[in-house]
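**Student:** quick check, what structure comes out for this input:
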Amino acid sequence: MRSPDKNDESKGGQSMKTCLLCSSPIRDEMSLTDIVRLTPLPNPSVCSDCNSQFSDLSTLPTCDGCGRRQTAGMPSHCNDCLRWEGPDSMRFMNTALFEYNSFMKDYMKQYKFNGDYRLRKVFSQGVRDRLHKTNAVIVPIPVSMDTMANRGFNQVTGLLEYVRFSEVLKVKLKRKTVPQSAKNRRDRLELIQPFEMIQSKKFLIKNKAILLVDDVYTTGTTIRHAANLLYQYGATSVRGLTLAR
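**Tutor:** This next block holds a predicted model:
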């Protein structure tokens, strides 16, 4: 995955732009229908070669609990999700759009950790298409003030740039800690509630169905903590949607 070049040329009924991931040219043919249509034109930002490297989970068997890719015929919940089961456990379902394969890992490194905000556009329109009919209140997982200061953006709200959402949660203020991405599985599972409600916005989720959105589902601890908090403030149901699992 090469660093993208800024190159966008247009001529007549054709436009030439470059792939955000590999910088190869993308040519869009515009028909007469496209020219006179009133709705926005598609804006592909990734070439077909790069796009094929992402593993779309929409037509594959997945775990009902976390969205992990499953082998056909396997139980509805993976072993990780079965560990969450218990008499007092919260029932939670997450849908993942893509598998967290090596190409997705490289994408996340460039977008999230190297701070290339342009790369939000690789998935932002697809996320919009997925969510535009939902009646749920869309709530993004927040990032800490330290992360915002260092990175300059929340990678989740970047993916939601074409979607109406409500930022009702914030990360609790505390001493500087190790970022989530640097923690191992045990550290993540032992994480105490990291979020708190923004009190002036709690009315937005009371008696509402909520869709929690995050970038990657790893152990499920982070998104489940957020879901628990939303239930405490009166949400009627909480489901998850992550870009990758």
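**Student:** for stretch 160-171, what is the average pLDDT?
**Tutor:** What stretch 160-171 shows for mean pLDDT is 97.
**Student:** change the start of the numbering to 49 and stick with it
**Tutor:** Okay, residue one is now 49; in that scheme the one you just asked about reads as stretch 208-219.
**Student:** run through who's touching the longest helix along the chain.
**Tutor:** Selection of the longest helix in the chain by residue count, based on DSSP state H, yields helix 269-280. Contact with helix 269-280 is made by 132, 138, 140, 142, 187, 189, 216-217, 228, 236-237, 239, 241-245, 253, 258, 260, 262, 265, 286, 288, 290, as judged by C-beta atoms under 8 Å, 6 or more residues apart in numbering. Bear in mind the C-beta positions are built from the backbone N, C-alpha and C, glycine included.
**Student:** list the buried ones in it?
**Tutor:** Within helix 269-280, the residues that count as buried by 16 or more other C-beta atoms under 10 Å are 269-275, 277-279.
**Student:** if we only consider those, which is nearest to residue 194?
**Tutor:** Using C-beta to C-beta, residue 270 is the member of the buried residues of helix 269-280 that lies nearest residue 194, at 15.9 Å.
**Student:** what's the average pLDDT for the longest helix of the chain?
**Tutor:** 96.
**Student:** roughly how far is it from the heart of the chain?
**Tutor:** For helix 269-280, the separation from the chain centroid amounts to 16 Å (computed by C-alpha atoms, centre = their mean, to the nearest Å).
**Student:** what packs against the helix or strand following that helix?
**Tutor:** Counting by DSSP states H and E, the next helix or strand C-terminal to helix 269-280 is strand 285-292. Counting contacts by 3 or more C-beta pairs under 8 Å, 6 or more residues apart in numbering; DSSP states H and E, strand 285-292 packs against strand 142-146, helix 172-179, strand 257-264, helix 269-280.
**Student:** could these go into a markdown table alongside distance to residue 210?
**Tutor:** Formatted as a markdown table, those follow (distance: least, C-beta to C-beta, whole Å):
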| stretch | distance to residue 210 |
| --- | --- |
| strand 142-146 | 15 |
| helix 172-179 | 4 |
| strand 257-264 | 13 |
| helix 269-280 | 22 |
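**Student:** where along the protein do the strands fall?
**Tutor:** Ranges of strands in the chain, per DSSP state E, are 56-59, 62-66, 73-77, 142-146, 185-188, 217-219, 243-245, 257-264, 285-292.
**Student:** which strands and helices sit next to the fifth one?
**Tutor:** Contact partners of strand 185-188 among helices and strands, from 3+ C-beta pairs under 8 Å, 6+ apart: strand 257-264.
**Student:** the strand it packs on - what's its average pLDDT?
**Tutor:** In the prediction, strand 257-264 has an average pLDDT of 98.
**Student:** figure out how far it is from the centre of its chain.
**Tutor:** Relative to the chain's own centre, strand 257-264 is displaced by 7 Å; criterion: C-alpha atoms, centre = their mean.
**Student:** may I have it exported as CSV, CA atoms only?
**Tutor:** These are the backbone C-alpha positions of strand 257-264, laid out as CSV (Å, rounded to 0.1, in the frame of the first residue of the first chain):
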residue,chain,number,x,y,z
ALA,A,257,-32.7,2.0,19.7
ILE,A,258,-29.0,2.6,19.4
LEU,A,259,-26.4,1.6,16.8
LEU,A,260,-22.9,1.8,18.2
VAL,A,261,-20.2,2.2,15.5
ASP,A,262,-16.5,1.4,15.9
ASP,A,263,-13.7,0.8,13.5
VAL,A,264,-12.4,-2.7,14.6
